[in-house]
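K.L.:
Fold the following, please.
(chains A and B)
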Amino acid sequence: MRWVRLVPDFTSVGAHFDRQVLSALDDAGVAADLVLTHVERTGSVAVTVVSARITGGLAPGTEIEEPARGRCVRFPGWAVLTGTHPVAEIVAATAIDEVVGIGAAVAPGTLVATAGYVRPEYRDGRLVLLVEPAAGGVFQPSEVEQPHECCAGTH
Amino acid sequence: MSHHHDGHEHHHHEVEPVEGSWQDPADDRPVAVARRRFLAGLGVAVGGAALAGTGAGEAAATPVASNRWGTPQRWYAGDHHIHTQYSGDGQYPVAAQVAKARANGLDWMVITDHGGVAHQKFSIDQVTPDIEKARKGNRDVLVYQGLEWNIPGAEHATVFLPPDRHTVDILRAFEGAYDGGVLSTSVENGGKGLIARSTSADGEPYALAALRYLEAQVLSGRTEIALMFANHPARRGVDSPHELRGWRDAAPGVAVGMEGAPGHQASGIPKSAGGRGGARGYYDSSPGVDSHPGYAPTATENPYRTYGGFDWMTAKVGGLWDSMLAEGRPWWVTSTSDVHQVFGDTLTPGTQDYEKTGSRGAPVDSGVEQTGFGDFFPGHYSRTVVGARSKSYVDVMRGLQSGKVIAVHGRLIDGLDLRVRALGEGDNRGVTIGGRTFVERGGSVEVTIEVTGAGGPNFAGVVPKLAKLDLVAGPVTGPAVDRDTLSAPGTTVVKSFEVTKNRARFTHVFRDVATAFYLRVRGTDGNRLTADGGPVMDVVGDADPWADLWFYANPVFVDVI
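P.N.:
Modelled structure (predicted):
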């Protein structure tokens, strides 16, 4: 497996950024089973960079060692998570290794309402999904696709 | 209006129910927060002193604790975060907001439309006459002109000045030179094009320069006072600990605090109850490119959520707020409405092009109660109660500056008299909220908390019941070496008091005091508590704000001599 690092030339954030990254990879004909984002704060302006584990195609970007941490945009089994799923199914059907409740424990039968948007954390080779209590007695991922943006996100 | 004028007529029958209540028949407004005595005991002493200069003698008859020696002061409820049709995402005319604030019993309010190119160019000239007109029409409400400043490199902040000859000039120059929206907008679009994003770290030096500019206006006499409060500080994680400390250090007379509780408190009302079903405070974010890496959701906490309606920085005992207080750094918390669009209102934004005109125009009545709106009108739910010498523009700001401030939700309490004093050698007179007192090394410090519960229903039609008070304290250990410090391990809840009566008095004595420390008080209706008695993380989509009420009082610092 090869890991590559990409520095996108677009500066959008969150779900929009993810979509741009994924379509850029698709356009380049690259197959990647893990796609992570990282924030680099080395300069005065932080930038979001991408690392991807390449499974096929010609990889753009520079080759790197396996990263230690990241926010995971794409992982094996992601397409399974389209709605509300028990924790046991999430762990069994996808590459997510663990589902962790924030401030409240989850059990294998705990339902997680994903809304088709799941961004686990990549930590030393493991994928951990943070979830929190939500309306209706279910849990939901702590990162949602469209958080509220004040002044329509202009600032 | 005679009550308003003096306040001393009533001091002979201070224990009667009407005294110190919100429903004073002498008041012409629906809810008389302004002229009721927030500190009932203190009010008695004030009355005596004002009458004959023999305050101590007059007050001796009262059965409750009171500050018989303190500066005469009364308590004024307000809101420092209010939007109008001059925000791109707002809708209400200034006059409508002032009328609501007045009807809801507020004494002071700050108009804070979003900074930016269109606001700086077009809105200021429209909001200024509107504010002046509102002042003339509502002489019992102080209406400050302010700005919701996009802090370069960080979140938003309230900036405001008392009305004076140069107020508008200062605000306009400030916004043009230092608003993060203006600085990050390209030159061809009317901005400065100097920083990458409003929240990117290359803006941080501009934030410090901006605050020094305001302080310079005070020092040069162009304005008597100017204040800044950081708004919704943890919402997107972009107010890093070193920025908060930097602002305070850059302009200690101007940058004095933050929203302990953000506005938008209605946004967590469940859809099943006709609400938006969002996150309380619109706190539903997660770490982004400009977020501080120390703010990370973990199995035990999520800094991006509210806790009992309060911002994580404030709600977490031993958290970021405490880490600043543990340095001995005065930093105060408030609670505001951040009103843009009100839950259940039928009005919707006007159709005017904001970017071209700086106004949304008149709101449009849809005739349908809007369920997607997440805010309350000023004074409806959130109050920042300030102790001040008089109800004047400058005195209320001085009260805010000195931390005589209590942040209250949903009328959880009607009064709080906190008194901290040395027993034996030291400051026996003591101080109240926001104050600083002293004790001899090894001596004792007595804390007296007298709390008055709600004397009537809040705006949900319910009389809230205060169930528990927490006395929080921690050592003052001096400036943190790491400016991004966000915890104060020595700060704990030293004692909790169960409250069973509407008017209750509690005492705690810190004995054998060896080092400087600070203490603060918070209270709750006890409806939603963690196992250790703290606030619960609010559930996105299921947070009825009226069912989970808290108040937070600002700290008292105790020096050891």
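
K.L.:
what stretches of chain A score poorly on pLDDT?
P.N.:
A:12-13, A:59-60, A:150-155 (pLDDT under 70).

K.L.:
Tell me where it has strands.
P.N.:
For chain A, the strands defined by DSSP state E occupy A:2-6, A:31-40, A:47-56, A:62-64, A:69-74, A:84-86, A:98-101, A:111-113, A:121-123, A:126-133, A:139-141.

K.L.:
Which one of the residues in chain B is closest to chain A?
P.N.:
residue B:541 (3.4 Å; CB to the nearest CB). The C-beta positions use only the backbone N, C-alpha and C, and glycine is treated the same way.

K.L.:
Domain-wise, how is chain A divided?
P.N.:
Annotated domains of chain A cover A:2-74, A:78-141 [automatic domain parsing].

K.L.:
Residue B:95: which element?
P.N.:
Secondary structure from DSSP states H and E places residue B:95 in helix B:94-103.

K.L.:
and the top helix by length along chain A, is it in reach of chain B?
P.N.:
Counting by DSSP state H, the longest helix found in chain A is helix A:14-27. Yes. Counting by CB under 8 Å from any CB of the partner chain, chain B has neighbours in helix A:14-27: residue A:14.

K.L.:
For chain B, give me its nearest residue in chain A.
P.N.:
residue A:135 (3.4 Å).

K.L.:
The residue most central in space within chain B - nearest residue in space that isn't next to it in sequence?
P.N.:
For chain B, the residue nearest the mean C-alpha position is residue B:334 (1.7 Å; CA atoms, centre = their mean). Leaving aside its chain neighbours, residue B:334 sits nearest to residue B:384 (4.2 Å; criterion: CB to CB, 6 or more residues apart in numbering or on different chains).

K.L.:
residues touching residue 121, list them.
P.N.:
You didn't say which chain, so I picked chain A. A:69-72, A:127-130 (CB atoms under 8 Å, 6 or more residues apart in numbering or on different chains).

K.L.:
hmm, I had chain B in mind actually
P.N.:
Neighbours of residue B:121 in contact, by CB under 8 Å, 6+ apart: B:190, B:358.

K.L.:
before we move on, back to that, assess the claim that the residue of chain A closest to chain B and residue B:539 are in contact.
P.N.:
Yes. Counting by CB atoms under 8 Å, residue A:135 touches residue B:539, with 6.5 Å between them.

K.L.:
Just read off the phi/psi values of residue 105.
P.N.:
Because you didn't say which chain, this covers chain A. Main-chain dihedrals, residue A:105, degrees, to the nearest 10: phi -70, psi 150.

K.L.:
what's the answer for residue B:416, then?
P.N.:
Backbone phi and psi, for residue B:416 under degrees, to the nearest 10, turn out to be phi -150, psi 120.

K.L.:
again, but for residue B:242
P.N.:
Torsion angles, degrees, to the nearest 10, at residue B:242: phi -70, psi -30.

K.L.:
For it, which residues are in contact?
P.N.:
By CB under 8 Å, 6+ apart, the neighbours of residue B:242 are B:483-484.

K.L.:
out of the contacts of residue A:121, who has the most neighbours?
P.N.:
Of all the contacts of residue A:121, the highest neighbour tally under other CB atoms under 10 Å in any protein chain shown goes to residue A:129, namely 28 neighbours.

K.L.:
how deep is the closest residue to residue B:275 other than its chain neighbours tucked in, by neighbour count?
P.N.:
Distances taken as CB to CB, 6+ apart place residue B:269 nearest to residue B:275, at 2.6 Å, with adjacent residues excluded. Using other CB under 10 Å, residue B:269 has 24 other residues around it.

K.L.:
so what's residue B:83 closest to, chain neighbours aside?
P.N.:
Per CB to CB, 6+ apart, closest to residue B:83 is residue B:90, 3.8 Å.

K.L.:
Do you know the pLDDT at the one you found?
P.N.:
We have a pLDDT of 97 for residue B:90.

K.L.:
Assign a three-state SS to residue B:351, would you?
P.N.:
Three-state call for residue B:351 (DSSP: H, G, I helix; E, B strand; the rest coil): coil.

K.L.:
With residue B:78 instead?
P.N.:
Relying on three-state DSSP, one would call residue B:78 strand.

K.L.:
correct me, but it touches residue B:106?
P.N.:
Yes. With contact defined as CB under 8 Å, residue B:78 reaches residue B:106; the gap is 5.4 Å.

K.L.:
Show me where the stretch 101-250 of chain B has its strands.
P.N.:
B:108-111, B:142-150, B:156-161, B:227-230 (DSSP state E, counting those that start in this stretch).

K.L.:
So what's the residue count around the nearest residue to residue B:473 once chain neighbours are set aside?
P.N.:
Nearest residue to residue B:473, sequence neighbours excluded (CB to CB, 6+ apart): residue B:519, at 4.0 Å. Residues lying near residue B:519 (other CB under 10 Å) number 22.

K.L.:
Give the full set of residues in contact with residue B:519.
P.N.:
B:420, B:447, B:471-473, B:494, B:510, B:555-556, B:558 are the contacts of residue B:519 under CB under 8 Å, 6+ apart.

K.L.:
How about residue B:227?
P.N.:
Residue B:227 neighbours (CB under 8 Å, 6+ apart): B:158-161, B:254, B:256, B:397, B:400-401.

K.L.:
Closest to residue B:367 out of those?
P.N.:
residue B:158 (33.4 Å; CB to CB).

K.L.:
Neighbours of the closest one, how many?
P.N.:
Quick note: residue B:158 (other CB under 10 Å) scores 26 neighbours.

K.L.:
and it, bridged to which residues?
P.N.:
Applying DSSP bridges to residue B:158 gives these bridge partners: residue B:148, residue B:229.

K.L.:
Does residue B:434 touch residue B:403 like I think?
P.N.:
Yes. Between residue B:434 and residue B:403 there is a contact under CB under 8 Å: 2.8 Å.

K.L.:
anything in contact with each of these two?
P.N.:
Common neighbours of residue B:434 and residue B:403 (CB under 8 Å, 6+ apart) are B:330, B:332, B:554-555.

K.L.:
Out of the residues you listed, who's the most crowded?
P.N.:
Counting by other CB under 10 Å, top hit in the shared contacts of residue B:434 and residue B:403: residue B:555 with 29 neighbours.

K.L.:
For that one, give me phi and psi.
P.N.:
Dihedral angles (degrees, to the nearest 10) for residue B:555: phi -80, psi 170.

K.L.:
picking up where we left off before, want to throw the shared contacts of residue B:434 and residue B:403 into TSV with pLDDT and secondary structure?
P.N.:
Formatted as TSV, the shared contacts of residue B:434 and residue B:403 follow (pLDDT from 0 to 100; DSSP: H, G, I helix; E, B strand; the rest coil):
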residue	pLDDT	secondary structure
B:330	97	coil
B:332	98	strand
B:554	98	coil
B:555	98	coil
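
K.L.:
can you tell me which of these lies nearest to residue A:36?
P.N.:
residue B:332 (40.4 Å).

K.L.:
residues in contact with the closest one?
P.N.:
By CB under 8 Å, 6+ apart, the contact list for residue B:332 reads B:229, B:256-258, B:400, B:403, B:405, B:434, B:554.

K.L.:
Show me what the one helix or strand residue B:448 maps to is packed against.
P.N.:
In this structure, residue B:448 is located in strand B:444-453 according to DSSP H and E. Judged by 3 or more CB pairs under 8 Å, 6 or more residues apart in numbering or on different chains; DSSP states H and E, strand B:444-453 is in contact with strand B:413-423, strand B:468-475, strand B:503-510, strand B:517-524.
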